[in-house]
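>>> This is a predicted model, with the sequence first.
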Amino acid sequence: MMTQPDLTVIVPTFNEAPNVSELVDRVSNATQGLAIEIIFVDDSRDETPRVIAAKARSATVPVRLIHRDAPVGGLSGAVLEGMKHARSTVCVVMDGDLQHPPEVIRDLHRQFAGGTADVVVASRYAAGGSSDGLANIVRDLVSRTTTLLTKAMFPLRLRDCTDPMTGFFLIDVSKVDLERLAPRGFKILLEILARTPLRVREVSFTFAERGGGESKASIRQGAHFLLQLTALRFGKMSAFALIGAIGAVVNLAIMFVLTQLGMGYIWAAVIAAESTIIGNFLLQERFVFREMLDQASNAWARFAKSFTFNNAEALVRIPLLALLVESWHISSVLAAAMTLALAFVARFAFHALVVYAPKRPRGAKAERFLRELDSELSKPGEL
């Protein structure tokens, strides 16, 4: 049986076959004198698992592969999976694209060995660091802006961290309640620091250019980040609100375009409402209530309940819209915005407690209803 290593290096991968061999060799060379293991948590759809398995047979350090056929939680979920399987309580998390130089691992471990840190962050923005490896000036600007936004949202938890968006860090896993984490998207360090009070230290590093393969950055990842940030700061209701806000903007845009084309505002409001009801349902399934799907009714039943409630709500809201426009002479678009805001709380309560309610016998008491409402308002957890 293998003795406990000094360090477990966790590498989440998605189609990174060209970089595997060099990564393993450089990690091995950089950590000589330490007993380490490397765990690849792989969600690839290419030959990456085969390449990892082949490299494991010739590597000078233990290399393990966890391939996820049905990935959960994106990159964050992969990192969490690696932590649960690590033989060491001290783990280094790094990307598999060689933009996180393995040579920095020694610096991370040296800082941790001083005994003053629970997590050591490899920072692009600490003194001496650089983000030159980002693909272009736009990505660099986006990275710096989101970092500032994140630190503004968590000024106390992130006061000692200049780069909470990095995916390169060392952590003492024994100091983290892994079951409390709700992995989503790709910013696992933010998830950990926002939920857990830890002693943070940093080492600077230069973000390198990507090795082989293609960047995974996308607009979809950006959406994941915004939802993760709002959910961490304010709970599940905020993610629901963000999707509702997006839906409201789309609703108003559709209504504006249709009225400009000559359609009456009532019919324009109906079409806009039906379009956004369907769109919001799909986004809520994916981003807000995803972890509740297994215990809830089937997808068609959920859609039927959501669609019926939202249309019933619209039957109340649209006459109110007409009253505001005809009697109070308020702009139709402004009136629509006001009525959408009034409907928000009712929509959230219905979806959390009815659409996605676990299957169970009837007869729930009012006290349980209120208790569950309070629980849903704060999921995945206030900080």
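Noted; the coordinates are in hand. Residues are numbered from 1 along each chain as shown.
>>> ok, now which ones touch the residue nearest to Val200 when sequence neighbours are not counted?
Leaving aside its sequence neighbours, Val200 sits nearest to Asp160 (C-beta to C-beta, 6 or more residues apart in numbering; 4.2 Å). For every residue, glycine as well, the C-beta is placed using N, CA and C. Contact analysis of Asp160 by C-beta atoms under 8 Å, 6 or more residues apart in numbering lists Val200, Arg201, Glu202.
>>> SS state for Asp160?
Using DSSP: H, G, I helix; E, B strand; the rest coil, the structure places Asp160 in coil.
>>> List the buried residues of stretch 59-70.
For stretch 59-70, burial by neighbour count (16 or more other C-beta atoms under 10 Å) applies to Ala59, Val61, Val63, Arg64, Leu65, Ile66.
>>> List the contacts of that stretch.
Under C-beta under 8 Å, 6+ apart, the answer for stretch 59-70 is 2, 5, 24, 27-28, 31, 36-44, 49, 52-53, 55-56, 78, 81-82, 85.
>>> next one: stretch 113-132
Contacts of stretch 113-132 (C-beta under 8 Å, 6+ apart): 100, 104, 107-108, 111-112, 140, 143-144, 147, 161-164, 166, 168-172, 175, 189, 192-193, 198-207, 209.
>>> returning to what we had before: now the buried members of the contacts of stretch 59-70.
5, 24, 27-28, 31, 36-44, 49, 52, 55-56, 78, 81-82.
>>> And Leu334, how far from Glu22?
58 Å (C-beta to C-beta, to the nearest Å).
>>> I should have written Asp46 there, sorry.
Taking C-beta to C-beta, one finds Asp46 at 17 Å from Glu22.
>>> Val72 now?
With C-beta to C-beta as the criterion, Val72 and Glu22 are 29 Å apart.
>>> One more: Ala337?
54 Å.
>>> Ser28 now?
Counting by C-beta to C-beta - Ser28 and Glu22 are separated by 11 Å.
>>> got it, and Val93?
On the measure of C-beta to C-beta, Val93 and Glu22 end up 18 Å apart.
>>> surely Val92 meets Thr8?
Yes - under the criterion of C-beta atoms under 8 Å, Val92 makes contact with Thr8 at 7.3 Å.
>>> between the two, who's got more neighbours?
Each of Val92 and Thr8 has its neighbours counted (other C-beta atoms under 10 Å); Val92 has more, 28 against 24.
>>> which residues touch the strand or helix carrying the more buried one?
Using DSSP states H and E, Val92 maps to strand 90-93. With contact meaning C-beta under 8 Å, 6+ apart, strand 90-93 is reached by 6-10, 12, 79, 82-83, 105, 108-109, 112, 167-173, 188-189.
>>> Quick check: can you name the pairing partners of that strand and their directions?
Partners of strand 90-93 in the sheet, by DSSP bridges, are strand 7-13 (parallel), strand 169-172 (antiparallel).
>>> check contacts around Glu47.
With C-beta under 8 Å, 6+ apart, Glu47 has these contacts: Ala17.
>>> any idea how far it lies from Lys55?
Glu47 is 12 Å from Lys55, where distance means C-beta to C-beta.
>>> just checking, Thr206 touches Pro101?
Yes - using C-beta under 8 Å, Thr206 is in contact with Pro101, at 7.2 Å.
>>> quick one on the thing from earlier: go through the buried ones among the contacts of stretch 59-70 and flag which are in helices.
When DSSP state H is applied, the buried ones among the contacts of stretch 59-70 are split such that Val24, Val27, Ser28, Pro49, Ile52, Lys55, Ala56, Ala78, Glu81, Gly82 fall in helices.
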